[in-house]
Structures are given as C-alpha cells and as structure tokens.
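[1] task: produce atomic coordinates for the following.
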Amino acid sequence: MNHIKTLKDHSNQIDMLHGPLLGKILLFALPLAASSILQQLFNSADVAVAGRFAGYQAQAAVGVNSPVINLLINLFVGLSVGGNVVIANFIGQRKDHEIRDAVHTVITLALISGAFLLCLGQVAARPILTLMGTPDDVLDLAVTYLRIYFLGMPFIMLYNFGSAILRSVGDTRRPLLCLTLAGIVNVCLNLLFVIVFHRSADGVAIATVISNGVSSSLVIFFLMREKDSIRLELKKLRINKNILGRVIRIGVPAGIQGMVFSLSNVCIQSAVNSFGSDAMAGSAAAQNFESFTFFITNSFNQATVTFVSQNYGAHQFDRCKRVLFLSLAAGFLCSGAMCAMFVLGRNLFIRIFTVEPAVMDYALIRVTHIETFSWLAVSYEVTGAALRGVGYSLTPAIITVFGSCILRLIWVFLLFPNTDNFASLMNVYPISWAITGLMMFTVYFILRKKVYHKDALSR
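    Got it, this is the predicted structure:
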C-alpha cells in the first residue's frame, strides 16, 4: 500500500495532494483556529476570573505577562513550525523512514526546549517584569504568576510540537479535542482556586499548568496510538542531526520573527504600563479579542505552510499557487467577520472581563483602534507562510521583523512621546500591518517565478 493511500485511509488526515483545495483548507484551518482560540481561552479565563473575583491588580498581573510569555516561548514554537514543514515535505516525497526520524527528533526537541524554558522562567521573571516598568502594586503578583506558569513549559512545548506533527498530515481535529477537554479543566480549576480557595494570580496560574498538562498528555497519547509513519515510540526518542538541521533552518527564522515581534509588544506593553494599573487591566482585557482574531489568521497561515510544503515536495507547483490564493481569500473573510463581531459588540464583550469604568474606557479604546483593522495581518502572515513552505524562511522573517518590530519601536520611542496619548499608541498596530503586508506581497511575487521555474527545470 503506497503512502498516499495510507493517508486516505485515516479519517483524521487530509489528502492535500489531490482533489479540490478550498474545502480541505477550511477543514484544516477552522479546527486549528478553534484549537488556538481554546488555548487562548486558558489565558482569557485567567484574566476574566482574576478581574471579576480577585480584583483589577490580579487582572493586571496576569495581563502584563502575556507579551513576556510570548517573547520567551516563540523561538521554540517557531521550531515546531520547522518540524511541520519538514515532515509535510517528506510526506509529499513519500519518504516514510525520514518521517519517522523527524517525528522522534521533533518530540525530543520539545522535551529539551520545555526543560530549558522552565528554568529560564524561574530566573528571568522578576528582572524582565521590573525592566518593563511593572508598577509596585502589581509586580509581586505578576512575578508569582509567571514563575508558576513556566513550570508548565514542558507541557506547552509537547503540545505545540506534537500538534505540529499531527498538522503535517492534516489532522487538526484531535488537537481541538485535546484543548476542549483541557479548557474545561482550566475554567473549572480557575473558579475553584479563586472563588473557593481565595487564591489570586497564583491560583489561575496553577489551573493553567494543570490544564496544559492535560492537553499535552492527550496529544502524546494520540501520537503513540498512530498506525502509520507518524507513530511515536518513546524508546526511539533521539535527535537525527540532519533532520534537526532542516528543522532549525526553517524554524529558527520563524522563531526569531516571533521573538522580535513579541519584543516590540513588550516595549508597547511598557508604554501601556506608564498609564497605570487601569490601563494595564483594560489593555489585558482587549488583547483577548485581538488574540482570537489572530488565531483565525494563524490557522490559514498554518494551512498554507502545510499544504504548500506537501505539494512543493510532490512538485505540484500550480496547486501551491492556488493554496495561497484560496487561503488569502478565506483568511480575509473569516478574520474580517470576527473583527466586525468584536467591534460591534465591544461593550458587551468587555463586560465579560471587567465592570470597572476606568478599565473599560481603556479597553474600548484598544478594541476600536486595533480590532477594526486586525484582518490586515492576513496579508503578510499567509503570504509569508507560502514562502516558508517552499523553504524561504529567513525572507519573511526579515520582512516581518522590519514591518512589525522596527516600525513599532520607532513609533513607541520617537513618535508616541510627543503625544503621550493611549489612542495614538494603539494606532501603531494597523499602520505596521498595512506596511508589512505590502512588503510581503511584493517580495512573494518577485520570488515565486524564480522558485517554481528553477524547480520545474530541475525535475
């Protein structure tokens, strides 16, 4: 039985190499979006429970940590993207032995990454939060939350790397199941620790660690029960140097892009902190809606990189081009619909997180100025994913670093001090999205003809 037939025989997997694309892209992307939104709900539940039952200071302590957490883990999550691309490419080439080696290399890398981040979080928590100018009335709570959160880093890495393996064969439904169960656990434990046991930020952090443990355990369970080449066998965990090199070559630029992107958000968060605890809490509440919208965008990013990787490995270049077009169209439509829902219902949605008038004022400003334009991020995320799928990982990383980091830092340090206005600080996001998208489109169309023409000649 050949490898393509094997993929067709698994109901959780998608044949990306044959047949119509749009339905399969949606079948891949929408469960992934739901999974990511559920993962964000871990943090959203922390923010909401802390704000409604433990006070705005606990809410601010949880919210201030979001950009810090993203900064420290994005490099390694980028490596999981590299694993996805490498495995998907091997699938397109029907190289079962290499797929098995890649699966075990990726999971071993996840364990090493998680252990490293666990240790780093304990040491770096207070210095980073102090450097960000976190107010004294929030600092101790924020440090406690961050240190407990990072105890669960091995779980987070195992889930992300394990899900990347499942995504490489088109399986986004079982990661959704894992996060659904873990999300229920998280919300129940949040309410138990904060309302019943009267804990503060530490209680919601403990709940998040436990729920991350549930999601990662389920993903590993599914991988160990696979019957084809992506099956995980613990006794075979080891690093294949050649495959690790390929994963690093693709994943590190993606991870650095995410890290630098998060660094700019840390700088913006520092500017938010200058407005005090009310602004921090309001910003934390509004960021949840931006995260939900971004996960819609990111799901089409992941669909694009996986579909393009498989079809590029099979030398089906016309399908690669159609994948990008369809993913852009669907991404703009779905992301725009979510943006419209949050902007039109902003008063109702913000009340889920806070009823403090001053906090709500800041949250409303952030939603209005950012969420109205969040759909613009599709332009560079999905187009950059198409480049990454054919092996160009550094190029989209450089473009995104310039457009979504350097421009934002210029805004924060040179333009914002002249206004010292919260709304003007928020305007940096849509401006940077529009510029980055224009740059990415331009570079893609320059490189596309070169890449596909060269590989067509080499066949």
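[2] can you tell me the helix or strand for Pro31?
    helix 22-49 (DSSP states H and E).
[3] phi, psi of Glu233?
    phi -120, psi 120 (degrees, to the nearest 10).
[4] list the contacts of it.
    Residues in contact with Glu233 (C-beta atoms under 8 Å, 6 or more residues apart in numbering) are His104, Met224. Backbone N, C-alpha and C define where each C-beta goes, glycine included.
[5] tell me the mean pLDDT for stretch 387-404?
    Averaging pLDDT along stretch 387-404 yields 86.
[6] what residues of that stretch count as buried?
    387-397, 399-401, 403-404 (16 or more other C-beta atoms under 10 Å).
[7] next one: stretch 147-158
    Of the residues in stretch 147-158, those buried (16+ other C-beta under 10 Å) are Arg147, Ile148, Tyr149, Phe150, Leu151, Gly152, Met153, Pro154, Phe155, Ile156, Met157, Leu158.
[8] residue contacts, the closest residue to the fifth one other than its chain neighbours?
    Right, the one you point to is Leu151. Closest residue in space to Leu151, ignoring its immediate chain neighbours: Val209 at 5.5 Å, by C-beta to C-beta, 6 or more residues apart in numbering. For Val209, the contacting residues are Ile148, Tyr149, Leu151, Gly152, Phe155, by C-beta under 8 Å, 6+ apart.
[9] pLDDT below threshold where in the chain?
    The chain contains residues with pLDDT under 70 at 1-12, 38-57, 59, 63, 452-459.
[10] try it again with 50
    Along the chain, the model assigns pLDDT under 50 to residues 1-9, 457.
[11] tell me where the stretch 101-250 of the chain has helices.
    136-151, 153-168, 173-191, 201-224, 241-273 (DSSP state H, counting those that start in this stretch).
[12] just name the most buried of these.
    helix 153-168 (a mean of 26; mean count of other C-beta atoms under 10 Å).
[13] helices and strands around that helix, which ones?
    helix 22-49, helix 66-93, helix 96-131, helix 173-191, helix 201-224, helix 277-313 (3 or more C-beta pairs under 8 Å, 6 or more residues apart in numbering; DSSP states H and E).
[14] CA atoms only: put it into CSV for me.
    The C-alpha trace of helix 153-168 is given here as CSV (Å, rounded to 0.1, in the frame of the first residue of the first chain):
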residue,chain,number,x,y,z
MET,A,153,6.6,24.8,29.8
PRO,A,154,7.4,21.1,29.1
PHE,A,155,3.7,20.5,28.7
ILE,A,156,3.3,23.6,26.4
MET,A,157,6.2,22.5,24.2
LEU,A,158,5.0,18.9,24.0
TYR,A,159,1.5,20.1,22.9
ASN,A,160,2.8,22.5,20.3
PHE,A,161,5.4,20.2,18.8
GLY,A,162,3.0,17.2,18.9
SER,A,163,0.2,19.2,17.3
ALA,A,164,2.6,20.3,14.6
ILE,A,165,3.2,16.6,13.8
LEU,A,166,-0.5,15.9,13.5
ARG,A,167,-1.0,19.0,11.4
SER,A,168,1.6,17.8,8.9
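[15] and the angle from that helix to helix 66-93?
    Counting by axes from the mean of the first three to the mean of the last three C-alpha atoms, to 10 degrees, helix 153-168 lies at 30 degrees to helix 66-93.
[16] who are the contact partners of Arg238?
    His104, Thr105, Thr108.
[17] and Met224, how close does it get to Gly437?
    Distance of Met224 to Gly437, computed by C-beta to C-beta, to the nearest Å: 41 Å.
[18] isn't Tyr380 up against Ile399?
    Yes: between Tyr380 and Ile399 there is a contact at 7.0 Å, judged by C-beta atoms under 8 Å.
[19] quick check: neighbours shared by these two?
    With C-beta under 8 Å, 6+ apart as the test, Tyr380 and Ile399 both reach Thr436, Met439, Met440.
[20] got CSV for those residues, with distance to Pro253 too?
    Below are the shared contacts of Tyr380 and Ile399 laid out as CSV (distance: C-beta to C-beta, whole Å):
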residue, distance to Pro253
Thr436, 15
Met439, 16
Met440, 14
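[21] which one of these sits in the busiest neighbourhood?
    Of all the shared contacts of Tyr380 and Ile399, Thr436 has the most neighbours under the rule other C-beta atoms under 10 Å, reaching 26 neighbours.
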